[in-house]
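J.: Sequence first, then the predicted structure, then my questions.
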Amino acid sequence: MEIRSYSPEDIENIHSVIQRSIYATCAYYKADQINAWASALADKQILQNRLDKSDVKIAIGNGRTAGVASLLNNGVLDLFYVEPGFQRKGVGSSLLLEIEKSALRNQFDFIETEASVSAFSFFKDKGFKQIRSQHKLVQEISIKNYQMFKKLNN
């Protein structure tokens with residue numbers, strides 16, 4: 001598996017990974033919540049603009065986009081999605097390690113994220129601490145997630 005920086009030509013593959021990940025791995029959520037979440041990330045131009053403002057890492061496995069992670073310039077882990085066929089195979093761990101390295105290079109002492117119910121245990125296992133559970137409005141639908149952080153400098 002290779003981790004590399006994002007380029008604008010990756011948008012189609014990134015979009016597909018995000019959509020498949022949302023629909024395949026979010027069994028906790030109801031259909032209207034999943035649809036709202038996926039819809040909020042459906043516009044490729046808006047997604048491209050979001051990625052252009054971030055430090056984005058792409059995981060490539062078997063010649064395919066296996067995952068994507070983005071770090072905003074304020075230390076927030078914004079997007080974090082792994083292709084369903086690559087989950088539980090180290091892709092998420094590899095992406096997170098690269099994001100943490102990037103955060104340290106940018107002199108962040110910690111990173112924050114909003115983890116879905118589905119991703120909560122992954123982030124907890126990687127040393128993130130829960131700040132609070134919350135309900136966010138996405139496309140006017142309430143979706144539960146967890147605000148979490150990880151201290152990078154011990």
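T.: Received it, and whenever you're ready, just let me know what you need.

J.: Show me the helices in the chain, by range?
T.: Counting by DSSP state H, the chain has helices at residues 11-25, 31-40, 44-52, 91-105, 120-125.

J.: where in this structure is pLDDT low?
T.: 154 (pLDDT under 70).

J.: Nearest the middle, which residue of it would you pick?
T.: Residue closest to the average C-alpha location in the chain (C-alpha atoms, centre = their mean): Phe80, at 1.1 Å.

J.: Let me have the helices of the chain in TSV, adding mean neighbour count as columns.
T.: From N, CA and C alone the C-beta is placed, and that goes for glycine too. Output for those, formatted as TSV (neighbours: other C-beta atoms under 10 Å):
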stretch	mean neighbour count
helix 11-25	18
helix 31-40	16
helix 44-52	13
helix 91-105	18
helix 120-125	16
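
J.: re the thing from before, return the set of residues that bridge with the closest residue to the residue nearest to the centre of the chain other than its chain neighbours.
T.: Leaving aside its chain neighbours, Phe80 sits nearest to Ala69 (4.8 Å; criterion: C-beta to C-beta, 6 or more residues apart in numbering). Beta bridges link Ala69 to Lys57, Phe80, judged by DSSP bridges.
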